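Peer 1: show me how the following folds:
(one chain, ligands or ions: 1)
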Amino acid sequence: MVGLVAAYTLYGVFWRLHLSPIAHIPGPRLAALTWWYEFYYDIVLGGQYVFKMADLHKQYGPIIRINPYEVHINDPDFFPHLYPTSTRRRDRWLFFTRQFGAEGSGVGTVDHHLHKLRRAPLNPFFSLQSVRALQPVLDERVDALLARLRDDGLHHRELNILYPFSAFTNDVINSYAFARSDDLLSDPTYGRLVTDHLLVGTHHGKTIQHLPLLLPLIVALPARISSALIPGWAGFLAMKRTIAAQIAAIQRSPHDNLDAAHPTIFHALLGSPLLPPEEKTLRRLAHEGQVLVQAGTLTASWTLAVATFHLLDQPATLARLRDELEKAMPDPAGVVPLAELDQLPFLRAVVKETLRHSLGAAGRSARVCPDEALVFVEKGAAGGRKWVIPEGVAVGMTGSMTVNDPEIFPEPERFRPERWLEGTEEERMALERYWTVWGGGARMCLGMWLARAEVTLALAKLWRVWGGEERRRGDVGRLRLGEGVEARDARMAADFFIPIPWKGTRGIRVVLETF
Ligand code: HEM
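Peer 2: Residues are numbered from 1 along each chain as shown. Presented below is the predicted three-dimensional model:
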């Protein structure tokens, strides 16, 4: 028996190092041999493999093998080949999707065709046109946010600004998905626990990814025990239950008699002729709901917090933005259509530069091409070396590496919205092409237009009436960074699917002072 196990193990070692279809791809032998290499960086050190991979690329070149079964490419020009906009088949990889613990959701779906089926009825809700039509809902929530900030400013309160922004984005996505929200903007803590519970969920993603038996085990335990074992788990479970209950309530309501000011996602999914009955089960839709709430809350709020940091840290940049807003919004209380705000050059540049810094997904996103081999041609001194990646192999790229590439974005660590306005038209278009923060192809961010609208509208309305160091006529108050807040509080230091700042951070704290 022992002999058999030893022989099997030896064969496994030999297979991974010499017979595997990606045995020819460079990289550390240990990573090719065992999952524990990645496990060490991502689980033991906490979301650090993405940084280690950047180092490995410096050592081994633009194509590397990062674990026994996966290849990673760091060449921005390969992006459209891996994530084509055409109908070419690209599956996700089970190892990647496991982290969501939501295999019924679009993002958790491996198969290309099933994903297409699941995403099709969602697409119309997130188109540019639909999002612009949603402006009254967004305007109402931004106004509620500003009213709350004004109240808090009366007491010169210091706030971790992520929470007010998360309350805003959570209210919006809930209202869009379920035609109701918890009105976190009215909660004294801005629904702090809701954001914290969502963060707990994403922090467990990597562990679930590496230890797939863990999640079913935890779910099988009585909630009392699992909640005692895992900090924050009780809240995360409660959030999942609430989402499922909301969908169940919609299931019970007649689809043709909606008492909603705008059509909602789950009413439409349940009524969709595109989806067969097995796609409308409560379990599947609850997974979709969980992902929408998580993605819809934590991403855009982090982006808004990062923008706040940089604008307060760079008064000249803030002044230039406020000059533009003052002209475009002569009446601060008036409604300016999103289509107009989107055309303001400096505001656009601030939004793009912020997203380049804030990102939405921190790590790699693998694709499997089951019916075609990928060919990657290496540039540079080695000149034209061709690498063939056989069909069925997982291959990933990482958006954060592209938007931090100094050849494309010089001094990438600097917050410089001006970079989006400089140079020739061709150079500006190149920057756009490499602005890979939304992913690409059929799995590109579903919420891109919603997130852009939320960020654009909130920044415009906030900075039209709140100042930093400089006070203008009509300002309602001033913001300043809290004691000790520094650049690393607004910078990704770990990949837990979403970017997470350094461990010791106390958040992007801001002191509000209402006049
Ligand atoms: C700052 C804002 C955001 C950024 C930068 C961002 C970024 C991304 C990226 C890079 C992906 C692709 C991941 C991959 O290829 O594996 C993605 C997927 C996704 N995002 Fe976003 N996101 C943002 C906001 C939102 C919002 C507000 C929603 C709300 C609905 C959302 C919903 C989704 C969904 C559902 C997917 C999965 C799409 C699919 O697989 O079909 N995102 N996002």
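Peer 1: distance of the nearest residue to residue 389 once chain neighbours are set aside from the ligand?
Peer 2: Closest residue to residue 389 apart from its sequence neighbours, by C-beta to C-beta, 6 or more residues apart in numbering: residue 374 at 4.4 Å. Using the backbone N, CA and C atoms, a C-beta is placed for each residue, glycine as well. Using C-beta to the nearest ligand atom, to the nearest Å, residue 374 is found at 16 Å from the ligand.
Peer 1: tally up the residues packed near residue 374, please.
Peer 2: For residue 374, the neighbour count with other C-beta atoms under 10 Å is 18.
Peer 1: same question for residue 158.
Peer 2: For residue 158, the neighbour count with other C-beta under 10 Å is 16.
Peer 1: repeat that for residue 278.
Peer 2: 7.
Peer 1: returning to that earlier point: and the pLDDT at the residue nearest to residue 389?
Peer 2: pLDDT, residue 374: 97.
Peer 1: what of residue 497?
Peer 2: 96.
Peer 1: can you check residue 263 too?
Peer 2: pLDDT recorded at residue 263 is 65.
Peer 1: so where does residue 245 fall, helix or strand?
Peer 2: helix 233-252 (DSSP states H and E).
Peer 1: can that helix be said to contact the ligand?
Peer 2: No. Helix 233-252 lies out of reach of the ligand by C-beta under 6 Å from any ligand atom, never closer than 13.4 Å.
Peer 1: show the subsequent helix or strand relative to that helix.
Peer 2: helix 265-271.
Peer 1: how about that following helix: buried residues?
Peer 2: Residues of helix 265-271 classed as buried: 265, 266, 267, 268, 269, 270, 271 (neighbour count, 16 or more other C-beta atoms under 10 Å).
Peer 1: where do the strands sit along the protein?
Peer 2: Taking DSSP state E, the strands of the chain run over residues 63-67, 70-73, 158-160, 364-368, 374-377, 386-389, 394-398, 466-467, 477-481, 494-496, 498-500, 509-514.
Peer 1: determine the set of other helices and strands touching the fifth one.
Peer 2: Applying 3 or more C-beta pairs under 8 Å, 6 or more residues apart in numbering; DSSP states H and E, we find strand 374-377 packed against helix 79-82, strand 386-389.
Peer 1: dump the strands of the chain to CSV, plus distance to residue 318.
Peer 2: Compiled in CSV, the strands of the chain are given as follows (distance: least, C-beta to C-beta, whole Å):
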stretch, distance to residue 318
strand 63-67, 40
strand 70-73, 38
strand 158-160, 18
strand 364-368, 33
strand 374-377, 43
strand 386-389, 46
strand 394-398, 31
strand 466-467, 8
strand 477-481, 9
strand 494-496, 28
strand 498-500, 23
strand 509-514, 13
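Peer 1: show me the shaky parts of this protein.
Peer 2: 254-263, 381-383 (pLDDT under 70).
Peer 1: the longest helix in it is where?
Peer 2: The longest helix of the chain (DSSP state H) is helix 282-313.
Peer 1: which residue is the nearest non-sequential neighbour of the residue nearest to the spatial centre of the chain?
Peer 2: Of all residues in the chain, the one closest to the mean position by C-alpha atoms, centre = their mean is residue 360, 2.7 Å from it. Take residue 360 and drop its neighbours on the chain: the residue closest to it by C-beta to C-beta, 6+ apart is residue 299, 4.5 Å away.
Peer 1: near that neighbour, how many other residues are there?
Peer 2: Each residue near residue 299 was counted by other C-beta under 10 Å, and the total is 26.
Peer 1: ok, it touching residue 448?
Peer 2: No. Residue 299 is beyond contact range of residue 448, at 10.2 Å (criterion: C-beta atoms under 8 Å).
Peer 1: shared neighbours of the two, anything?
Peer 2: The contact sets of residue 299 and residue 448 do not overlap (C-beta atoms under 8 Å, 6 or more residues apart in numbering).
Peer 1: ok, the residue of the stretch 51-200 of the chain found nearest the ligand - contacts?
Peer 2: Closest contact between the stretch 51-200 of the chain and the ligand, by C-beta to the nearest ligand atom, is at residue 107 (3.7 Å). With contacts defined as C-beta under 8 Å, 6+ apart, residue 107 is in contact with 97, 100, 291, 295, 443.
Peer 1: try it again at 7 Å.
Peer 2: 100, 291 (C-beta atoms under 7 Å, 6 or more residues apart in numbering).
Peer 1: for it, give its distance to residue 431.
Peer 2: Residue 107 is 27 Å from residue 431, where distance means C-beta to C-beta, to the nearest Å.
Peer 1: now swap in residue 462 and tell me
Peer 2: Taking C-beta to C-beta, one finds residue 462 at 26 Å from residue 431.
Peer 1: and those two? Which one has more around it.
Peer 2: residue 462 (20 against 17).
Peer 1: residue boundaries of the helices in the stretch 351-500 of the chain?
Peer 2: Here the stretch 351-500 of the chain has its helices, by DSSP state H, counting those that start in this stretch, at 399-402, 425-433, 448-465.
Peer 1: how far off centre is the first one?
Peer 2: From the chain centre to the centre of helix 399-402 is a distance of 13 Å (C-alpha atoms, centre = their mean, to the nearest Å).
Peer 1: ditto for the longest one
Peer 2: If you compare the mean C-alpha spot of helix 448-465 with that of the full chain, they lie 17 Å apart, counting by C-alpha atoms, centre = their mean.
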